[in-house]
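Enquirer: A predicted structure for the sequence below; I have some questions about it.
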Amino acid sequence: MSPCPHDIFTEQAADPDTLANLGPLRRLAGVWEGRGGVDVNPKADGPERKQFTERIELQPIDAQPNGPQLFYGLRYHTRILATDEDSTFHDQVGYWLWEPATGLVLQTLSIPRGQVAIAAGHAAPDATTLVLTAERGQTQYGICSTAFLEEAFRTDSYRIEVVFNPDGGWSYVLDTVLAVRGGDQAFPHRDCNTLVKIAEPTPNPLALLRAGGSKGGG
């Protein structure tokens, strides 16, 4: 479909079974753990390298229409612990979304330090690699931060690359370019990890309802 068709109100018929319509995101569905994560972040005396463990849950949601635009997706929650700390090192929530009509893939993210973003890319239904990006200042696929972060640790760009591994797991490399106050050049902030599945996904609410024989919807 074009970015904005003439008819912006008529919705497509959606399949109740989200898991059957996720395209390349189907391989992300479930509960995952990774114990070999590495984070490189800026500190006053130079870059710090931290090792971390990660748990991420990605569960299917009911299909989401924007008029004729139709998304199937996963709601996710990521919790990361540094190996030398007890408190949460990083917490993140959001959605992975797939538009079958165009191959558009979106990741929305929100972190409790006052930052949100929408990253976008395109992929085939059977893609083994996903690449999504966002840039500060963009009104469609951009990055929005608190006044403090804008002044002290401004995020200028975001890029995530996901690779689906032959063993059924997946790996990611996440690069953000930061403008750190007092620094004379951009700081390349990187996170990477490999995830293994520890639990299968739960079907989306409407799929569960239909499987139970109810005539209800939602």
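Expert: Now that the structure is in, tell me what you want to look at.
Enquirer: pull the residues that contact the helix or strand where Ile143 lies.
Expert: Assessed by DSSP states H and E, Ile143 sits inside strand 142-145. Strand 142-145 is contacted from outside by 114-118, 134-136, 154-158, using C-beta atoms under 8 Å, 6 or more residues apart in numbering. Bear in mind the C-beta positions are built from the backbone N, C-alpha and C, glycine included.
Enquirer: tell me the most packed of those residues, by neighbour count.
Expert: Most neighbours among the contacts of strand 142-145, by other C-beta atoms under 10 Å: Ala134, with 26 neighbours.
Enquirer: tell me which residues touch it, please.
Expert: Shown in contact with Ala134 (C-beta under 8 Å, 6+ apart): Ala117, Ile118, Ala119, Ala120, Tyr141, Gly142, Ile143, Ser157, Tyr158.
Enquirer: shaky segments in this protein?
Expert: Along the chain, segments meeting pLDDT under 70 span 1-3, 213-218.
Enquirer: show me what the top strand by length along the chain is packed against.
Expert: Assignment by DSSP state E gives strand 48-66 as the longest strand of the chain. For strand 48-66, the packing partners by 3 or more C-beta pairs under 8 Å, 6 or more residues apart in numbering; DSSP states H and E come out as strand 30-41, strand 69-82, strand 90-99, strand 187-199, helix 205-211.
Enquirer: if you set the cut-off to 6 Å instead, what comes out?
Expert: strand 30-41, strand 69-82 (3 or more C-beta pairs under 6 Å, 6 or more residues apart in numbering; DSSP states H and E).
Enquirer: kindly export the host helix or strand of Thr176 (C-alpha atoms) in PDB.
Expert: According to DSSP H and E, Thr176 maps onto strand 170-180. Extracted C-alpha coordinates of strand 170-180, given in PDB (Å, rounded to 0.1, in the frame of the first residue of the first chain):
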ATOM      1  CA  TRP A 170      19.100 -15.000  17.600                       C
ATOM      2  CA  SER A 171      21.800 -12.300  18.100                       C
ATOM      3  CA  TYR A 172      21.700  -8.600  18.000                       C
ATOM      4  CA  VAL A 173      24.100  -5.700  17.700                       C
ATOM      5  CA  LEU A 174      22.700  -2.300  18.800                       C
ATOM      6  CA  ASP A 175      24.600   0.800  18.000                       C
ATOM      7  CA  THR A 176      23.700   4.300  19.200                       C
ATOM      8  CA  VAL A 177      25.800   7.400  18.400                       C
ATOM      9  CA  LEU A 178      25.900   9.800  21.400                       C
ATOM     10  CA  ALA A 179      27.000  13.400  21.600                       C
ATOM     11  CA  VAL A 180      28.400  13.500  25.200                       C
END
